[in-house]
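Asker: Need a 3D model of the following:
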Amino acid sequence: MSRIVCTFLIGLFFTVAILGQDSLAVAVAEKGDGIFSLLRKQGMDPNDHYQDFIVLNKENLREGQHLYEGAAYLLPTVEDAVMSSEIDNDSSEISTSEIEGSHYAIFGDEEAFVEKKSEQLSGAIYYLISGHGGPDPGAVETYQDVTIAEDEYAYDVTLRLAKELLAHGAMVYIIVRDENDGIRNNRALEIDRDEVVYPEQKIPLKQIDRLKQRVEAVNELYLKNKGSYQRLLVTHVDSRSKGQNIDVFFYHHKKSKNGKRLAQNIHNTFLAKYKIYQPNRDYTGTFSDRSNLYLIKNTLPAMAYIEIGNLKSKRDQHRILDPDNRQALAKWIAVGVLADYKSR
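Answerer: Prediction:
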């Protein structure tokens, strides 16, 4: 047995004796385990038990949140979960709040912690929809003999955007959601079909039913939060001919001044960023009204509909498949959102 495991087990039983919690169960971390996966293996909901697990095992966590392979860890009790502090049950993925940040299970084991950067978006509510999902993967292409799908990349950018907005104090509802994926730093993202629509609705097969489901989810939340500052951001990966690469572009409802301003602020951010990071080429992305799209026409909040590239274009694939580029896309959108909120 390794020194780390031996040392921890001594401390573990010492802690149990002090706390009088002799009945607490113990689980051993296997290779690849994070706190969320370890709890799930024990049949425990990470949303309910994450913070209690941290408190019980804080002396044996790398960087305060990562497990050591082969180490034994105390498991929280049901009573512990009842006592943990939940923030806004409607957001459904928040497990704990701290002065410096919060943990969100939906972002995955490695990305769960959101560092608090500011309160610039305090009071703002954002609804995020990623395109396709469930039975509809969107465009499907091949990358290095691996099949990739549009919906996985739209979802990854959406999660990264959600994390940026949360870091600045916003309330965020992720409408299309996959509890198992989280933020992924791979080029080829594995395809699955288990996405649901907030809160836990199975996504229907027919396109019009899928769109109606998303509209109803957003509009119901909008009416519930009536009186608050609310915006909707829809993220899509476009699907055109293989040779046609596109820059990021934006749609809004023609009759929505707030939606137009939101789209324009994000567009202006991309213009500025391209001048800095790609000074040798023009940015050709646009923002325009597209009121005939079902989501734009029928959702209540002011909104921006974002196309981040063409999955069929090899040039655009470089932008979309590179995780650093997906992170940059999310950050730039968030910068535009911040500018929009300041100008309200």
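Asker: Model confidence score at the residue nearest the centre of the chain, please.
Answerer: When C-alpha atoms, centre = their mean is applied to the chain, the residue found nearest the centroid is residue 159 (2.1 Å). Residue 159 carries a pLDDT value of 97.
Asker: Confirm it sits in a helix?
Answerer: Yes: using DSSP: H, G, I helix; E, B strand; the rest coil, the assignment for residue 159 is a helix.
Asker: Can you pull out the low-pLDDT segments for the stretch 101-250 of the chain?
Answerer: Applying pLDDT under 70 to the stretch 101-250 of the chain picks out residues 239-246.
Asker: ok, which stretches of it are strands?
Answerer: For the stretch 101-250 of the chain, the strands defined by DSSP state E, counting those that start in this stretch cover 101-104, 113-115, 124-130, 140-143, 146-149, 171-174, 176-177, 196-197, 201-202, 229-238, 249-252.
Asker: Let's have the ones you listed in CSV, adding distance to residue 291.
Answerer: To be clear about C-beta, it is placed using only N, CA and C from the backbone, and glycine gets the same treatment. What follows is the strands of the stretch 101-250 of the chain, written out as CSV (distance: least, C-beta to C-beta, whole Å):
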stretch, distance to residue 291
strand 101-104, 34
strand 113-115, 34
strand 124-130, 17
strand 140-143, 29
strand 146-149, 28
strand 171-174, 23
strand 176-177, 22
strand 196-197, 23
strand 201-202, 26
strand 229-238, 14
strand 249-252, 8
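Asker: Among those, which comes closest to residue 298?
Answerer: strand 229-238 (11.1 Å; C-beta to C-beta).
Asker: Parallel or antiparallel, list what pairs with the closest one.
Answerer: strand 124-130 (parallel), strand 302-310 (parallel) (DSSP bridges).
Asker: Can you tell me which of the ones you listed is nearest to residue 197?
Answerer: strand 124-130 (8.9 Å).
Asker: Return that closest one as CSV; C-alpha atoms alone will do.
Answerer: This file holds the C-alpha atoms of strand 124-130, laid out as CSV (Å, rounded to 0.1, in the frame of the first residue of the first chain):
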residue,chain,number,x,y,z
ALA,A,124,-29.0,39.3,-15.2
ILE,A,125,-30.6,36.0,-16.4
TYR,A,126,-29.4,34.2,-19.5
TYR,A,127,-31.0,31.3,-21.2
LEU,A,128,-28.6,29.3,-23.4
ILE,A,129,-29.7,26.9,-26.2
SER,A,130,-27.3,24.8,-28.2
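Asker: what comes into contact with it?
Answerer: The list of residues contacting strand 124-130 from outside it, by C-beta atoms under 8 Å, 6 or more residues apart in numbering, reads 151, 154-155, 157-158, 161-162, 165, 169-176, 214, 218, 221-222, 225, 228-236, 295, 301, 337, 341.
Asker: so how far is that strand from its chain's centroid?
Answerer: Mean C-alpha position of strand 124-130 versus that of the full chain (C-alpha atoms, centre = their mean, to the nearest Å) differs by 10 Å.
Asker: Stretch 288-298 now?
Answerer: 24 Å.
Asker: now it: mean pLDDT?
Answerer: So the average pLDDT for stretch 288-298 ends up being 93.
Asker: quick one: contacts of that stretch?
Answerer: By C-beta under 8 Å, 6+ apart, stretch 288-298 touches 129, 208, 211, 214-215, 219, 234, 249-255, 260, 303, 305.
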